[in-house]
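Participant: Starting from these lines, generate the structure:
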Amino acid sequence: MDDPSPKGRVILVGAGPGAADLLTMRAVRALASADVVVHDGLVSPDIMALIPPAARRIGVAKRRARHTLPQDQIGALLVAEARAGNIVVRLKGGDPFIFGRGGEEVVACQAAGVPVEAIPGISAANGASASLLLPLTHRDHASIVSFVAGECRGLADQDWAGLAGKGRTLVIYMGLAGAMAIADKLMADGLAPETPVAVIERATQAGERMVTSLLADLGDLVAREAIESPALIIVGAVATLPAKALALAKEIPCPVY
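Facilitator: Residues are numbered from 1 along each chain as shown. Reported below is the predicted structural model:
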């Protein structure tokens, strides 16, 4: 069936950082309506369990240097399924428009005349920050936040000067494999080796953890702690705040009533 159906459409849905109860109500409704769910590999099992049993599942997981489908073929898949009259949910970790290639998929649908909408999700940075009580901004430490993709293609040619440092927080997505090169790049661009860093693994999910160190140790930290994806790297003074708050809480005795 090649003609667009009044029913057929594509819904880009942000799955958030992992915990199912962080999905928006609109996202849950969209999943419940799906005929087809085209999903990423890092969508958590708890969220996958919300997909209706009758809905077809199509995995298009992306891993470093290994893609199940190239991005243009994912767009073509969405269009074909919608033209067949299906409600197609494109389920993405985090938010579709923050390193989620949602913009490319919107263009593919619009070019084909397929109705498309996007439902935002809590981004990985926001989810990890809240779950670990690590504010990305703080009146005393950071008034600017920058998000970058750390997939290191052309890293040496990029200018990261000013993305991190005093009064700034840098959040690095997809940076585990290139952690050593990222640290070297930041230090070469002027960031002090003793700048605090935090790496948050599996934020909001079972097995969540945060490890902290200094920028010069970032590559060794990732290897030493055997950190695996999904994970975020946070660079800046805010990386020390959860530990400081915990230490302060231990010093202050609980009031007795």
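
Participant: so where's the protein shaky on pLDDT?
Facilitator: 1-6, 62-68, 152-153, 244-257 (pLDDT under 70).

Participant: quick one, strands of it?
Facilitator: Per DSSP state E, the chain carries strands over the ranges 9-14, 36-39, 56-59, 62-63, 66-67, 87-92, 116-119, 142-149, 167-173, 196-201, 209-214, 231-235.

Participant: helices or strands up against the second one?
Facilitator: For strand 36-39, the contact count by 3 or more CB pairs under 8 Å, 6 or more residues apart in numbering; DSSP states H and E identifies strand 56-59, helix 71-83, strand 87-92 as packing neighbours. Placement of C-beta: from N, CA and C, glycine included.

Participant: how many other residues sit next to residue 72?
Facilitator: Neighbours of residue 72 under the rule other CB atoms under 10 Å: 10.

Participant: and the closest residue to it other than its chain neighbours, what does it touch?
Facilitator: Using CB to CB, 6 or more residues apart in numbering and skipping the chain neighbours, the partner closest in space to residue 72 is residue 108 (7.6 Å). By CB atoms under 8 Å, 6 or more residues apart in numbering, the residues touching residue 108 are 72, 75-76, 78-79.

Participant: Which residue ranges make up each domain of the chain?
Facilitator: 9-122, 125-244 (automatic domain parsing).

Participant: start to end distance for the shortest one?
Facilitator: Spelled out, it's domain 9-122. 23 Å (CA to CA, to the nearest Å).

Participant: CSV please, covering the contacts of residue 108 and showing distance to residue 92.
Facilitator: Output for these, formatted as CSV (distance: CB to CB, whole Å):
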residue, distance to residue 92
72, 17
75, 13
76, 17
78, 12
79, 17
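
Participant: Which of the residues you listed are buried, as a ChimeraX select command?
Facilitator: Selection of buried members from the contacts of residue 108 for ChimeraX, criterion 16 or more other CB atoms under 10 Å:
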select :75,78,79
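
Participant: what number of residues lie near the closest residue to residue 32 other than its chain neighbours?
Facilitator: Leaving aside its sequence neighbours, residue 32 sits nearest to residue 52 (CB to CB, 6+ apart; 6.3 Å). Residue 52: 11 surrounding residues under other CB under 10 Å.

Participant: do residue 146 as well
Facilitator: Counted with other CB under 10 Å, residue 146 comes out at 16.

Participant: cool, the one 5 residues further on as well?
Facilitator: By other CB under 10 Å, the residues close to residue 151 number 16.

Participant: again with the one 10 residues further on
Facilitator: Summarising burial for residue 161: neighbours were counted as other CB under 10 Å, giving 12.
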